[in-house]
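K.L.:
have a look; sequence and predicted model below, questions after that.
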Amino acid sequence: AQRVTQPEKLLSVFKGAPVELKCNYSYSGSPELFWYVQYSRQRLQLLLRHISRESIKGFTADLNKGETSFHLKKPFAQEEDSAMYYCALRGQAGTALIFGKGTTLSVSS
Amino acid sequence: EAGVAQSPRYKIIEKRQSVAFWCNPISGHATLYWYQQILGQGPKLLIQFQNNGVVDDSQLPKDRFSAERLKGVDSTLKIQPAKLEDSAVYLCASSPIRTGANYGYTFGSGTRLTVV
C-alpha cells in the first residue's frame, strides 16, 4: 500500500537554526515526491518536487530510495518559514497524490 | 492565470441536511480532484476526474457523497445526508495532463464545512 509518514506534528526552532522536516514513504515502485506548504490563511501550494532537484526559498529535498525518505531541509530558518508542510507521493503516472498528515514548523526569534 | 475557484468559503449545516460545493478549475486543466481534509490530518482524495470522466472514486463514500463534472470544466460535490464526521475542509485542485512530466496541483482555497 502507498503511504506517506511525517513523524513530527510540530517542529519548533529558533531563527537561524537548521531545519529538517522528515518524510518517509511506502511504495514498491519509483515514486514522484513533492513538498507542499500552507502559510497562515493561504491555500496549499507546491513548494518543490524531487525530479526538479531545485532549491525554493532556501529549501531542498533529496529522494533517498534506500531509506525511502524525502526529508525537507533548510540551513538557516527564517520566521516567514513558519507554516504547515505536507509531503506527498504519486505512485503510478496519472494517479492522485497521497499526502502525509503534515508538520507544523514554528520559527521564533 | 486565474486560480482554482471554490465556493462557498464556509458552510454550517445541521446533521442530515444536504450541502453542495462548487469548483472551477484553471482553464485548460483536464484533471480535477476533490480532497477532504479533517482537522489535524492531511488531505485525503475523494474523487479524481479527467475531463468529465471519473478516474478514481474508490475512497468516496458513495452512500452519501456524489460528484459530477459536466462538460469537463466545473465540478460540484454533494453530501446528502451530512453526518457530524463530515466536518472538514473540502479542497478542489486541478492539474494539466503532461505526459512524462512531474507536475503538481493547483489548489483552491477550500470550503470549510461544519456539521452540527
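P.N.:
Received it, and whenever you're ready, just let me know what you need.

K.L.:
could you list the low-pLDDT ranges of chain A?
P.N.:
Counting by pLDDT under 70, not a single residue of chain A qualifies.

K.L.:
where does it come near chain B, residue by residue?
P.N.:
Applying the criterion CB under 8 Å from any CB of the partner chain, the portion of chain A that neighbours chain B consists of A:4, A:6, A:9, A:32, A:34, A:36, A:43-46, A:49-52, A:86, A:93-102. Placement of C-beta: from N, CA and C, glycine included.

K.L.:
only C-alpha atoms, please: export stretch A:94-105 in PDB.
P.N.:
Only the C-alpha atoms of stretch A:94-105 are listed here, as PDB (Å, rounded to 0.1, in the frame of the first residue of the first chain):
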ATOM      1  CA  GLY A  94      -1.800   9.800 -13.700                       C
ATOM      2  CA  THR A  95      -2.900   8.800 -10.200                       C
ATOM      3  CA  ALA A  96      -3.700  11.200  -7.400                       C
ATOM      4  CA  LEU A  97      -1.300  12.500  -4.800                       C
ATOM      5  CA  ILE A  98      -1.300  10.800  -1.400                       C
ATOM      6  CA  PHE A  99      -0.500  13.300   1.400                       C
ATOM      7  CA  GLY A 100       1.100  12.800   4.800                       C
ATOM      8  CA  LYS A 101      -0.500  14.300   7.900                       C
ATOM      9  CA  GLY A 102       1.700  17.300   7.800                       C
ATOM     10  CA  THR A 103       4.200  19.000  10.100                       C
ATOM     11  CA  THR A 104       3.800  22.500  11.600                       C
ATOM     12  CA  LEU A 105       7.000  24.400  11.500                       C
END
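
K.L.:
buried residues in that stretch?
P.N.:
For stretch A:94-105, the buried set under the neighbour-count rule, 16 or more other CB atoms under 10 Å in any protein chain shown, comprises A:96-103, A:105.

K.L.:
equivalent analysis for stretch B:20-28, please.
P.N.:
Neighbour counts using 16+ other CB under 10 Å place B:21, B:23-26 of stretch B:20-28 among the buried residues.

K.L.:
and of the buried residues of stretch A:94-105, the nearest to A:P18?
P.N.:
Of all these, the one with the least separation from A:P18 (CB to CB) is A:L105, at 12.1 Å.

K.L.:
would you mind measuring from the closest one to B:K44?
P.N.:
Remark: distance between A:L105 and B:K44 (CB to CB, to the nearest Å) = 22 Å.

K.L.:
do the same with A:Q78
P.N.:
Taken as CB to CB, the span from A:Q78 to B:K44 is 31 Å.

K.L.:
kindly report the same for A:T5.
P.N.:
Note on A:T5: its distance to B:K44, by CB to CB, is 15 Å.

K.L.:
now B:K11
P.N.:
Distance, B:K11 to B:K44, using CB to CB: 19 Å.

K.L.:
that older thread, closest one to chain B out of the buried residues of stretch A:94-105, please.
P.N.:
Closest to chain B out of the buried residues of stretch A:94-105 is A:F99 (3.6 Å), distances taken as CB to the nearest CB.
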